[in-house]
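Engineer: model the following, please.
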Amino acid sequence: MEQEQTPIILWFRRDLRLSDHPALSAAVETGRPVIPLFILDHTVQALGAASKWRLGLGLRAFSRSLEPVGSRLILRQGDALSVLQELVVETGATSVFWSRAYDPDAIARDTKIKTALTEQDVSAKSFAGHLLFEPWTVATKTGQPFRVFTPMWRSVRNRDIPAPSAPFAKLRSPETWPVSEALEDWRLGSQMRRGESVVAPFVRPGEAAAFEALHQFLDRISDYSDHRDRMDLEGTSNLSEYLSLGEIGPRSVWHAVQRAGMTGEQGVEPYLRQLVWREFAYHLMYHTPSLLSSNWKSEWDSFPWNTDADIPEVVAWKQAKTGVPGVDAGLRQMYVTGRMHNRARMIVASYLTKHLMTHWKIGMDWFADCLIDWDPAANAMGWQWVAGSGPDASPFFRIFNPQTQQEKFDPQSNFVRQWIAEGQTNPPATALAYFNAVPVSWNLGSTDAYPQPVVTLAAGRARALAAYQDRKNQ
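Structural biologist: You can find the predicted model right below:
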C-alpha cells in the first residue's frame, strides 16, 4: 500500500470535536483515510464516577457527529500501546496522530507509545489543541515557568492566537472499517447508580451544545464582571465541562469572546483572564507534576491537617449536612447537576481545609469523583490555592467565612433555598432532587431537621489560625 493511501489512526482523547482540532486538520490535509479511535485504557478506567459517566455521553454525541461527515468512531479497550499496535496491523495504517495531554501519567504513556511506534516505522505525531499556549512556550524573562498568575497574564494577553479551523464537511474513510466495541458494553456510567437519572437532565453533551452554550454566554457577557461570583445568578459561561472533554476548543472560545470585545461588550477581558487561569493551572501541572499529589509549597508539609476521610465532620461535609447553608448548598448543587458554582467551590473547599482542618487531597479526590467537569489541573490547583499550599501571591492566610460569603454572593438566599429543602414548606424540585441523587445508605430525607453546625464558624476559624501560627513559628 503506497504511503499516501495508507490510513492515519486519529486517537481521540479529551478532544471530542471536529472544529479547532490541529491533529484532525493535519490528518485531513494529507488526503489519506482517517480512522477515528478512542481507547478505554487505564487512564480512563481511573476516572471518577461522574466524569467517567459524562465521558460516555460525550463519546456517544461525538460518534453521532462523525456520521454526517462519512466517518465513525472506533472503540477499543485495553493497554493503549497494544491497541494501537493491533490496529496498525489490522488496517495497514502507517501514522498515528493525537492531541497532547499534560498530566504526568498521560505524558509517560504517550512518550512510551511514540517511542515504540517510531521503532516500528509508524509515524507517531502529537499536536496542540487542549490549550491556548504550550507550556514550554511561556516563560519569565529568565526563562523560568511562571509561578504567579498576573505576570503570566500580562505576558500572553496580547499574543496572536491562531484562528480555529472550521469543522470538515467530509473525512476520507478507509476501504474497510475495523471492528469497534459497543459503547454500552463499557458501562461507563455504572458507578453513578441512581444519581445518573437525577444529573442527566442537567447535561447536554457534544460540540453543538458547547457552541450553543458559548453563544448564550456571549449574549450576557456584558454582565460577567458583576455577576460571575453571584451564586444566585446565571453569570458564568457554563463551558467548563465542554472544555474539560474538548467538546469545544479554547481557541474557539478565545476568538469568539474577543469578537464580542470588538463590539464594545464589557466583561471580555475578565473572562479572557479566566481562560488564561485555566492555562496557568496546566502550566503548573506540566512543570511541577507533584501539584497533583503534594503541597506545591513544601513548607505546608508540616501543617497538621486531618487525613482521615471517615471522621464524622468529614462525613457530614461529604453528605452536605455540615449545618452551614453556604457550604451544604454548594455540595448539593454538585450532587444534583454534576457541577458547582466557582464561588461555591471556594467556600466549600475553604470550610473543609480550614474550619474542619482536613487535607485538601480528601476534597480534591471527592470532587474528582463527583464533578462532570472534572479537570486534573484545575481541580488540584483550585484546592491548593484555597488551602494555602498552592500558588497564591496573597500575603495572608485566607479563610473564607461561609456566612459573609453567602450574604455577599447570595444576598437573598435564593441559591441556598434552591438547593436546601429542610425547613421549607414547599421546597423546589432542585432541593428535593438531592435526596434522590445521594446513596440510599446515607438515610437522608427532606423532612429531616436541618443540622446544627458540626463546628461553629468562630471555633473553626480560631483553630485554623492557631495551627497556621504554630506552623509559622516552627
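Engineer: ok so Pro36 is a strand residue?
Structural biologist: Yes - per DSSP: H, G, I helix; E, B strand; the rest coil, Pro36 lies within a strand segment.
Engineer: what residues sit buried inside the worst-scoring helix or strand of the chain on mean pLDDT?
Structural biologist: When the helices and strands of the chain are scored by mean pLDDT, DSSP states H and E, helix 457-473 comes last with a mean of 90. Within helix 457-473, the residues scored as buried using 16 or more other CB atoms under 10 Å are 457, 460-461, 463-464, 467-468, 471. To be clear about C-beta, it is placed using only N, CA and C from the backbone, and glycine gets the same treatment.
Engineer: can I get it as PDB, trimmed to CA atoms?
Structural biologist: What follows is helix 457-473, C-alpha atoms only, in PDB (Å, rounded to 0.1, in the frame of the first residue of the first chain):
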ATOM      1  CA  LEU A 457     -17.500  29.200  62.300                       C
ATOM      2  CA  ALA A 458     -15.800  31.100  65.000                       C
ATOM      3  CA  ALA A 459     -14.300  28.000  66.600                       C
ATOM      4  CA  GLY A 460     -13.200  26.600  63.300                       C
ATOM      5  CA  ARG A 461     -11.500  29.800  62.300                       C
ATOM      6  CA  ALA A 462      -9.700  30.200  65.600                       C
ATOM      7  CA  ARG A 463      -8.400  26.600  65.400                       C
ATOM      8  CA  ALA A 464      -7.100  27.100  61.800                       C
ATOM      9  CA  LEU A 465      -5.400  30.400  62.700                       C
ATOM     10  CA  ALA A 466      -3.700  28.800  65.700                       C
ATOM     11  CA  ALA A 467      -2.400  25.900  63.600                       C
ATOM     12  CA  TYR A 468      -1.200  28.300  61.000                       C
ATOM     13  CA  GLN A 469       0.700  30.400  63.600                       C
ATOM     14  CA  ASP A 470       2.200  27.200  65.000                       C
ATOM     15  CA  ARG A 471       3.500  26.300  61.600                       C
ATOM     16  CA  LYS A 472       5.000  29.700  61.100                       C
ATOM     17  CA  ASN A 473       6.700  29.500  64.400                       C
END
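Engineer: list the contacts for the spatially most central residue of the chain?
Structural biologist: Geometric centre of the chain, nearest residue: Asp375, 2.6 Å, by CA atoms, centre = their mean. Listed by CB atoms under 8 Å, 6 or more residues apart in numbering, the contact partners of Asp375 are 240, 243-244, 278, 281.
Engineer: and the least confident helix or strand of the chain, how far out from the chain's middle?
Structural biologist: Chain-centre distance of helix 457-473: 31 Å, with CA atoms, centre = their mean, to the nearest Å.
Engineer: and if you look at stretch 116-130?
Structural biologist: That offset, for stretch 116-130, works out to 26 Å (CA atoms, centre = their mean).
Engineer: any low-confidence regions in this structure?
Structural biologist: 1-3, 393, 395 (pLDDT under 70).
Engineer: domain parsing for it?
Structural biologist: Listed by automatic domain parsing, the domain ranges of the chain are 1-129, 131-162+206-287, 298-473.
Engineer: any idea which of these gets closest to Trp177?
Structural biologist: domain 1-129 (6.4 Å; CB to CB).
Engineer: one step back: which of the contacts of Asp375 tops the neighbour count?
Structural biologist: Tallying neighbours with other CB atoms under 10 Å puts Ala281 at the head of the contacts of Asp375, with 25 neighbours.
Engineer: check contacts around that residue.
Structural biologist: 375, 377-378, 380-382.
Engineer: so how far is Ala377 from it?
Structural biologist: For Ala281, the distance to Ala377 equals 4 Å [CB to CB, to the nearest Å].
Engineer: quick one: Leu84 from Gln120, how far?
Structural biologist: 10 Å.
Engineer: neighbour count for these two, which is higher?
Structural biologist: Counted by other CB under 10 Å, Leu84 and Gln120 do not tie: Leu84 has more neighbours, with 25 against 13.
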